[in-house]
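A.B. asks: The sequence and its predicted three-dimensional model are supplied below.
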Amino acid sequence: MNLSFENPKLDSISVEKKPSSFSGKDFRFDQLEHYDFERLMYCLYRNEIQHEYISYEKIQLMSGVRDNGRDCVLYNDEKISGIIQCKHSSKSKSLAIGICAKEIIRYALYSIQNRDLLPDISSFVYFFAASAGFDSDCSTFLKTFNTSIARQEGLNGWVAQVISSSQQLKDVNKDEIIIELLAILQSIKIELVIPTDIDLLLRKAYNSEVAKKFFEVAMVVDSVLMEETRQTLEKIITKQKPSVPTILREFEAASCYLSEQVKFTFSTAGQPYLKRKVTTSLVDWIKSPIKENKNIAVLKGAAGSGENCYSAAALL
């Protein structure tokens, strides 16, 4: 069987039918096409790998024939360390035990034929992503899969159905591989990925472009909240807007020696400066008669408050 894999970039992905999605509401995975759901999972997990939230080095999306029971393949050291099986339901129908069991059995059977599909079961994870989730019985079954699979009355029937439905497995003798198959099923790690998990991934900041690629994202704004926000902003703006007299007072208080700031002047009247109260007081003290024991004036201020400006202006 010829299988091919691809590593599409987000920009190269084209989604023809984008479901509408509103802020604060769940994403409608049921309205995606099945292949778009697979590509969505690929994009989300690729970002998780890039941001080092999951311990894999690479992910690939399977294209072409989909008979190997896997849609995305996860790698470490160029070896398969996990797969993502995607199951999409356009009717929002939760998955049942039989469907899920046969998918896992299918992959286990293929891994017996091709050892590269499961090189190290101790570090392998089978991610099962369902657009509509799993029904309660199935969820319980998958969470205890390793210990409960051998006790399932339908096990032999599931194995027989998987073999008969696959051209690649048609020559497999169930009785000859059942022991090895059970060993795999009792060891493989199953990780469920439900709609809530996918929704949370989509709402991560670094997945915003992924959400826009697969959904028509619309913002829902509370008109009452918006009006309250507008009124609050108006109060702040009105409160902070200074009046003309205030501006003039600020200029008067902030006047200082401007020779360092004004490089060119058309005046010949000397260095330009703005009168200010501190400078005037200093000049008046200089011009006043000297008093005994009061012949020193100390100009004190915090760093950057303009002491040099004051003293220089007083000498003009």
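C.D. replies: Yes, it's here.

A.B. asks: so where is the stretch 51-200 of the chain shaky, pLDDT-wise?
C.D. replies: 64-69 (pLDDT under 70).

A.B. asks: rerun that using 80 as the cut-off
C.D. replies: Along the stretch 51-200 of the chain, segments meeting pLDDT under 80 span 63-70.

A.B. asks: Okay, strands next: where are they in it?
C.D. replies: For the stretch 51-200 of the chain, the strands defined by DSSP state E, counting those that start in this stretch occupy 58-63, 72-76, 79-87, 125-130, 189-193.

A.B. asks: how about those strands in CSV, adding mean neighbour count and distance to T279?
C.D. replies: In short, each C-beta sits where N, CA and C put it, glycine included. Shown next, in CSV, are those (neighbours: other Cβ atoms under 10 Å; distance: least, Cβ to Cβ, whole Å):
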stretch, mean neighbour count, distance to T279
strand 58-63, 19, 72
strand 72-76, 19, 74
strand 79-87, 21, 76
strand 125-130, 22, 76
strand 189-193, 18, 74
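
A.B. asks: Let's have those in a markdown table, adding distance to C138.
C.D. replies: Formatted as a markdown table, these follow (distance: least, Cβ to Cβ, whole Å):
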| stretch | distance to C138 |
| --- | --- |
| strand 58-63 | 24 |
| strand 72-76 | 21 |
| strand 79-87 | 11 |
| strand 125-130 | 9 |
| strand 189-193 | 9 |
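
A.B. asks: So which of those strands is nearest K102?
C.D. replies: strand 79-87 (11.1 Å; Cβ to Cβ).

A.B. asks: Which parts of the stretch 101-250 of the chain are helices?
C.D. replies: 136-143, 145-148, 155-164, 174-185, 195-202, 208-214, 223-240, 244-254 (DSSP state H, counting those that start in this stretch).

A.B. asks: Pull the residues that contact the second one.
C.D. replies: Surrounding helix 145-148, the residues in contact under the criterion Cβ atoms under 8 Å, 6 or more residues apart in numbering are 104, 141, 185-188, 190.

A.B. asks: same check, this time on the first one
C.D. replies: When contacts are taken as Cβ under 8 Å, 6+ apart, the neighbours of helix 136-143 outside the stretch itself are 94-97, 100-101, 128, 133-134, 148, 152, 190, 192.

A.B. asks: Produce a ChimeraX select command limited to the buried residues of these.
C.D. replies: To isolate the buried subset of the contacts of helix 136-143 in ChimeraX, counting by 16 or more other Cβ atoms under 10 Å, use the following:
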select :94,95,97,100,101,128,133,134,152,190,192
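
A.B. asks: hmm, which two among the contacts of helix 136-143 are most spread apart?
C.D. replies: G133 and Q152, at 20.7 Å, using Cβ to Cβ across the contacts of helix 136-143.

A.B. asks: In JSON lines: the helices of the stretch 101-250 of the chain, plus distance to T280.
C.D. replies: Putting those into JSON lines (distance: least, Cβ to Cβ, whole Å) gives the following:
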{"stretch": "helix 136-143", "distance to T280": "84"}
{"stretch": "helix 145-148", "distance to T280": "89"}
{"stretch": "helix 155-164", "distance to T280": "98"}
{"stretch": "helix 174-185", "distance to T280": "94"}
{"stretch": "helix 195-202", "distance to T280": "67"}
{"stretch": "helix 208-214", "distance to T280": "60"}
{"stretch": "helix 223-240", "distance to T280": "31"}
{"stretch": "helix 244-254", "distance to T280": "11"}
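
A.B. asks: Which one, of the ones you listed, ends up nearest to L32?
C.D. replies: Among the helices of the stretch 101-250 of the chain, helix 208-214 comes nearest to L32, with 6.6 Å by Cβ to Cβ.

A.B. asks: Show me what that closest one is packed against.
C.D. replies: On a contact count with 3 or more Cβ pairs under 8 Å, 6 or more residues apart in numbering; DSSP states H and E, helix 208-214 meets helix 34-50.

A.B. asks: Tell me which residues of the helix it packs on come out buried.
C.D. replies: 36-49.

A.B. asks: okay if I get the residues you listed as JSON lines plus distance to T196?
C.D. replies: What follows is the buried residues of helix 34-50, written out as JSON lines (distance: Cβ to Cβ, whole Å):
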{"residue": "D36", "distance to T196": "19"}
{"residue": "F37", "distance to T196": "15"}
{"residue": "E38", "distance to T196": "19"}
{"residue": "R39", "distance to T196": "20"}
{"residue": "L40", "distance to T196": "15"}
{"residue": "M41", "distance to T196": "14"}
{"residue": "Y42", "distance to T196": "19"}
{"residue": "C43", "distance to T196": "18"}
{"residue": "L44", "distance to T196": "13"}
{"residue": "Y45", "distance to T196": "16"}
{"residue": "R46", "distance to T196": "20"}
{"residue": "N47", "distance to T196": "18"}
{"residue": "E48", "distance to T196": "16"}
{"residue": "I49", "distance to T196": "21"}
